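Asker: Okay, sequence plus prediction incoming.
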Amino acid sequence: MLSHIRQEYSPDLAVSLVLHFSPLDQLQALLDSISRAAVEAELSCVEVICVDHSCDADYAARCKNFFEAYGAETDSENNLQISLLTPDTNRGYGAGHNLAITEVEGQFHLILNPDVELAPDALKLALDTLKKQHDIALLAPQGFSPSGEPDLLAKAYPSVWVLGLRSLAPNWVKTRWGGALARYEMRDLPNETALRPIMLASGCCMWVRRALFEDVGGFDESFFLYFEDYDLSLKLAAQGAVMEHRDIRIVHHGGGASRKGFRHILWFIGGASRFFNHWGWRWFG
């Protein structure tokens, strides 16, 4: 089901979101931030594909009404062309973005979580960087919490030990092994220039080159949730540079699998096992 009729044009940028009972007020904040950033980037229209994986008729109806109302309220100045897809089954986060990208065109694609807000200059900085530096396959922002604390989205290659520390250990244990956490969160490396190479980017916000994304097969759909972004980062690293831009900023309202309940912990463990089985196990460090 599409909330707007697609126009014939070839955009620089398209955006995809995967929803799962996502709060609609948070979604509105994200869309507003994309719209403001599109104005700053002088983009006349940005195509946004939302994939609803809630598989719930009531939530789907509320989403449909929300998008229709959003389009009506911003009709005179709307620079977003929003489509809503409602698959019958939830095949996972990566599968949702893979589905979305088949519905759009564009040289660059922005993969987003619905719990993110973009800074007004985020799209301009990202597109300018990607157009100037053709070796970049994936571009990531700097993340911040709603209170302004760094969110440390970029990561080094994980170990089983450090994942356990971050997810399950009490604070005193994290303090005792702070060096391992700092290395994983790349806090031990300088970040003095606008761009720095990173190993792993967060799927909450990443710009990818459409052609390279397709060349590597997109997200591996055997990951349901968690670690599909790390897997994609390593696949794209074989095609070009994976970089973080410290001046591209987002606010990230989410994160923390262990705080979301037992089901998320199981998804996290399953994703980690699949990642290590493919890319190599590291137990400590």
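Answerer: Alright, I've got the coordinates.
Asker: Which strands and helices lie in contact with the lengthiest strand in the chain?
Answerer: In the chain, assigned by DSSP state E, the strand with the most residues is strand 241-252. Applying 3 or more CB pairs under 8 Å, 6 or more residues apart in numbering; DSSP states H and E, we find strand 241-252 packed against strand 116-118, helix 122-132, strand 136-144, strand 195-197. Placement of C-beta: from N, CA and C, glycine included.
Asker: right, and the ones you listed - which one's nearest F67?
Answerer: F67 lies closest to strand 116-118 among those, at 17.9 Å (CB to CB).
Asker: who's in contact with that closest one?
Answerer: Under the criterion CB atoms under 8 Å, 6 or more residues apart in numbering, residues 29-30, 33-34, 36-37, 204-205, 250-254 lie in contact with strand 116-118.
Asker: and with 6 Å instead?
Answerer: Applying CB atoms under 6 Å, 6 or more residues apart in numbering, the contact partners of strand 116-118 are A29, L30, S33, A37, C204, C205, I250, V251, H252.
Asker: Please report the number of neighbouring residues for the fifth one.
Answerer: This means C204. By other CB atoms under 10 Å, the residues close to C204 number 22.
Asker: Next one, pLDDT for the residue lying closest to it once chain neighbours are set aside please.
Answerer: Once flanking residues are discounted, C204 sits nearest to N113: 4.1 Å by CB to CB, 6 or more residues apart in numbering. For N113, the model assigns a pLDDT of 96.
Asker: Distance check, N113 against D88.
Answerer: From N113 across to D88, the span is 23 Å (CB to CB, to the nearest Å).
Asker: okay, the two: which has more neighbours?
Answerer: A count of neighbours by other CB under 10 Å puts N113 above the other of N113 and D88, at 21 against 6.
Asker: quick one: the more buried one and A156, what's the gap?
Answerer: Distance of N113 to A156, given as CB to CB: 21 Å.
Asker: now R249
Answerer: To A156, R249 is 21 Å away according to CB to CB.
Asker: cool, N90 as well?
Answerer: 31 Å.
Asker: ok, now G271?
Answerer: Here G271 is placed at a distance of 17 Å from A156 (CB to CB).
Asker: Let me know the next secondary structure element after the strand or helix carrying L84.
Answerer: Assigned by DSSP states H and E, L84 belongs to strand 80-85. Where DSSP H and E defines the elements, the next helix or strand beyond strand 80-85 is helix 93-101.
Asker: centre of the chain versus that following helix, how much separation?
Answerer: 11 Å (CA atoms, centre = their mean, to the nearest Å).
Asker: Next, the angle from that helix to strand 80-85.
Answerer: Orientation check (axes from the mean of the first three to the mean of the last three CA atoms, to 10 degrees): helix 93-101 against strand 80-85 gives 120 degrees.
Asker: what's the residue closest to the geometric middle of the chain?
Answerer: By CA atoms, centre = their mean, the mean C-alpha position of the chain lies nearest to C204, the distance being 2.5 Å.
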